[in-house]
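Participant: need coordinates for the below:
(chains A and B)
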Amino acid sequence: MKYQSQSVAKYYFFAALALFAIQVLGGLLAGWIYVSPNTLSELLPFNIVRMIHTNALIVWLLLGFFGAAYYLVPEEAERELFSTKLAYIQLIILLVGTLGAVGSYLVGIHGGREFLEQPLWVKFGILVAAVIFLVNISLTALAGRKTAITNILLMGLWLLCLLWVFAFINPDNLSLDKMYWWMVVHLWVEATWELVMAATLGFLMLKLTGVDREVIEKWLYVIVALALFSGILGTGHHFYWIGTPGYWQWVGSIFSTLEVIPFFAMMTFAFVMVWKGRRNHPNKAALLWSLGSSTVAFFGAGVWGFLHTLHGVNYYTHGTQITAAHGHLAFYGAYVALNLAMFTYAMPQLRKRAPYNQVLNMASFWLMTGGMAFMTFTLTFAGTIQTHMQRILGEYYMDVQDQLDLFYIMRFGSGVAVVLGAILFIQSLVMVRRELIQPGPIVAQAGE
Amino acid sequence: MSDILTKSRARNVFYGGSIFFVVVFVALTAQSHRFIVKTSTAGAPITEEVRLGKEVWERNSCINCHTLHGEGAYFAPEVGNVMTRWGVADDPEGAFDILKGWMEAQPSGIEGRRQMPHFEITDEEMRGLAEFLRWADQTNTQNWPPNDAG
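Facilitator: Reported below is the predicted structural model:
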């Protein structure tokens, strides 16, 4: 850590980790309700549990992005943050909003558009926090050195904050509502967030591998170009069956097939950089998370996305457990693992010490990643059977669900592994201990 | 390769191409907006009841168990075609009666079966919800879902 003001990132990361814990515990409870449906059915119904699970995820990922930006931009711009006070105010607004949202969900006050259930005052709070963030980070970047990494990161963050405006637009016409709803949901996770992901991954590669900045930044532009060229019109794969015109079936199929390419490029980029890099960075856990993130993102978002994105396939799989399988692995690989990579890299720097608890951290990677992979497989099998029985044979939804118990039990088991992994991860970052295993010899690094 | 593809060229392709795709997307979205209003949802008017029903649907967070046109949670049945499945897509009174009967019987309390919560809904709101679901059912969804099971 070179600049004092970078330390605000630490508080964002701690807040994100706390919400991460809430998110996975909510997921575990939801998974258990699938196995034993009477659990808490009157006290805490499934719809409330799911809102907490998804909302906690979205907010902690955003907190992670904001924290990553506060860590990364001063270092890239080579100057202190414009204002640490604004950064703390922003964090307080976000935390009050999050606690307010969770509290109001528990007493039954919520909106009803999926993922955008936050009460209106919370939505405005998020808007205010986003404006504070953009002002703070943009003034920092503009006053300092301008790099491709900050360019792409800022572009991603500006666009994602602008798209938040669609959270306030809710037409009476359901089909219009759905179409504009995707302007937040799809254009976040399959366009603007990918810019944030690519920029963060580029920063990590720069630090961890020591490859020349020119090379990294050139390929970053290629990757984000591929992401937006495919991802923007790729929105079409959500416009097949909601009342939008039929031509989206072709636009969506073609462009969302191309969405695999940027994820493949990101994975290749990460591995090639590590290959070419001569730096032997001591933070092995951060490297594992970086490579793991790009790999799992390729499988979760790329391969599992392609699996059901062609309109002829999607006609039968739309809204089944296949969607759930893809959603879980894609979010985990692209955004959860990437955030955890950044936390793992930055936390020792923020605490001004050598990387610590790396074995525990890497064990948590394998436990979580293994758990998520197994969860994805069980849901994919459940979804395949569901698709056949319900969409081909025409059997009723609940009759089909009764046949899927075995898969839901296995999914719960994989959820236990993920929760244990998450707890180990949090422990490895929060509680500093002595290393169990002596690290190999470390050569002094330039540019840290 | 590195001679042809320089960093500044890659950057220019990124900015130029992105602007192009944004323009195409905005144009297609505008056309889709018109198509939805004029064609795919023009089969039935959005009455005050439909409006109220949508608000009831949202206030009770139905989407976090059910799917509607295939979007939502996957814990409970699709409701975009539920009025067709119940055979009351063209029968407002029947739709109201069957929906009210169903929802007032929840939660079933049957051991091992997924439980739909009990919702405090007035008759006026229930009628709105039924009308909203009937309205959604008549949307031209390109023949999705494949069958009445949803």
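Participant: around chain B, pick out the residues from the stretch 201-350 of chain A.
Facilitator: Within the stretch 201-350 of chain A, the residues that sit near chain B (Cβ under 8 Å from any Cβ of the partner chain) are A:214, A:217-219, A:221-222, A:224-225, A:228-229, A:232-233, A:235, A:238-246, A:248-249, A:251, A:315-316, A:318-321, A:323-324. In this view, the C-beta of every residue, glycine as well, is placed from N, C-alpha and C.
Participant: again, but for the stretch 51-200 of chain A
Facilitator: Going by Cβ under 8 Å from any Cβ, the residues of the stretch 51-200 of chain A near chain B are A:51, A:110-114, A:117, A:148, A:172-179.
Participant: give the contact list for residue A:355.
Facilitator: By Cβ atoms under 8 Å, 6 or more residues apart in numbering or on different chains, residue A:355 lies in contact with A:282, A:283, A:284, A:285, A:286, A:348, A:439.
Participant: let me redo that: residue B:21
Facilitator: Counted by Cβ under 8 Å, 6+ apart, residue B:21 has contacts A:228, A:229, A:232, A:233.
Participant: circling back to that earlier point, adding pLDDT and neighbour count, write the contacts of residue A:355 out as TSV.
Facilitator: Putting the contacts of residue A:355 into TSV (pLDDT from 0 to 100; neighbours: other Cβ atoms under 10 Å in any protein chain shown) gives the following:
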residue	pLDDT	neighbour count
A:282	93	20
A:283	95	25
A:284	95	18
A:285	97	27
A:286	97	25
A:348	95	21
A:439	62	13
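Participant: now do the contacts for residue A:154.
Facilitator: A:73, A:137, A:138, A:141.
Participant: tell me which of the residues of the stretch 51-200 of chain A next to chain B fall in helices.
Facilitator: Assigned to helices by DSSP state H, the following of these qualify: A:51, A:148, A:174, A:175, A:176, A:177, A:178, A:179.
Participant: closest to chain B out of the residues you listed?
Facilitator: residue A:175 (4.5 Å; Cβ to the nearest Cβ).
Participant: these two touch, right, the closest one and residue B:41?
Facilitator: Yes: with contact defined as Cβ atoms under 8 Å, residue A:175 and residue B:41 form a contacting pair (5.2 Å).
Participant: please enumerate the shared neighbours of those two.
Facilitator: A:243, B:139.
Participant: and residue A:39, that's in a helix?
Facilitator: No: using DSSP: H, G, I helix; E, B strand; the rest coil, the assignment for residue A:39 is coil, not a helix.
Participant: apart from its neighbours in sequence, what residue is nearest it?
Facilitator: Nearest in space to residue A:39, with sequence neighbours left out and distances taken as Cβ to Cβ, 6 or more residues apart in numbering or on different chains, is residue A:33 at 5.3 Å.
Participant: and that neighbour, what pLDDT?
Facilitator: We have a pLDDT of 97 for residue A:33.
Participant: and it, what helix or strand is that in?
Facilitator: helix A:8-35 (DSSP states H and E).
Participant: off-centre distance for that helix?
Facilitator: Computed by Cα atoms, centre = their mean, to the nearest Å, the chain-centroid distance of helix A:8-35 equals 13 Å.
Participant: likewise for stretch B:130-137?
Facilitator: The chain centroid and the centroid of stretch B:130-137 are separated by 10 Å under Cα atoms, centre = their mean.
Participant: swap in stretch A:348-355?
Facilitator: The answer for stretch A:348-355 is 24 Å, by Cα atoms, centre = their mean.
Participant: low-confidence ranges, chain B, go.
Facilitator: For chain B, applying pLDDT under 70 flags the ranges B:1-2.
Participant: can you show me the helices along it?
Facilitator: With DSSP H as the criterion, chain B has helices spanning B:7-35, B:48-59, B:82-85, B:92-104, B:123-137.
Participant: export the ones you listed to TSV and tack on distance to residue A:334?
Facilitator: Below are the helices of chain B laid out as TSV (distance: least, Cβ to Cβ, whole Å):
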stretch	distance to residue A:334
helix B:7-35	19
helix B:48-59	29
helix B:82-85	34
helix B:92-104	39
helix B:123-137	32
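Participant: from the residues of the stretch 201-350 of chain A next to chain B, which land in helices?
Facilitator: The helices, defined by DSSP H, take in A:214, A:217-219, A:221-222, A:224-225, A:228-229, A:232-233, A:248-249, A:251, A:315-316, A:321, A:323-324 from these.
Participant: residues of stretch B:78-87 that come out buried?
Facilitator: Buried residues in stretch B:78-87, counted by 16 or more other Cβ atoms under 10 Å in any protein chain shown: B:78, B:79, B:80, B:81, B:82, B:83, B:84, B:85, B:86.
Participant: find the nearest non-adjacent residue to the last one, please.
Facilitator: Here the nearest residue to residue B:86 in space, its sequence neighbours aside, is residue B:98; by Cβ to Cβ, 6+ apart that works out to 5.4 Å.
Participant: residues contacting the closest residue in space to residue A:356 that isn't next to it in sequence?
Facilitator: Using Cβ to Cβ, 6+ apart and skipping residues adjacent in sequence, the residue nearest residue A:356 is residue A:432, 5.2 Å away. Residues in contact with residue A:432 (Cβ under 8 Å, 6+ apart) are A:351, A:353, A:356, A:357.
Participant: helix, strand, or coil at the residue nearest to the spatial centre of chain A?
Facilitator: Centrality entry for chain A: nearest residue to the mean C-alpha point is residue A:335, 2.4 Å, by Cα atoms, centre = their mean. Following three-state DSSP, we place residue A:335 in the helix state.
Participant: need the contact list for it.
Facilitator: Applying Cβ under 8 Å, 6+ apart to residue A:335 gives the contacts A:61, A:189, A:193, A:197.
Participant: find the closest residue to chain B in chain A.
Facilitator: residue A:112 (2.7 Å).
Participant: residues near that residue, how many?
Facilitator: For residue A:112, the neighbour count with other Cβ atoms under 10 Å in any protein chain shown is 20.
Participant: residue A:401: which element?
Facilitator: Element membership of residue A:401 [criterion: DSSP H and E] is helix A:397-401.
Participant: flag every buried residue along the helix or strand following that helix.
Facilitator: The helix or strand immediately downstream of helix A:397-401 is helix A:405-430, counting by DSSP H and E. Residues of helix A:405-430 classed as buried by neighbour count (16+ other Cβ under 10 Å): A:407-408, A:410-412, A:414-415, A:417-422, A:424-426, A:428-429.
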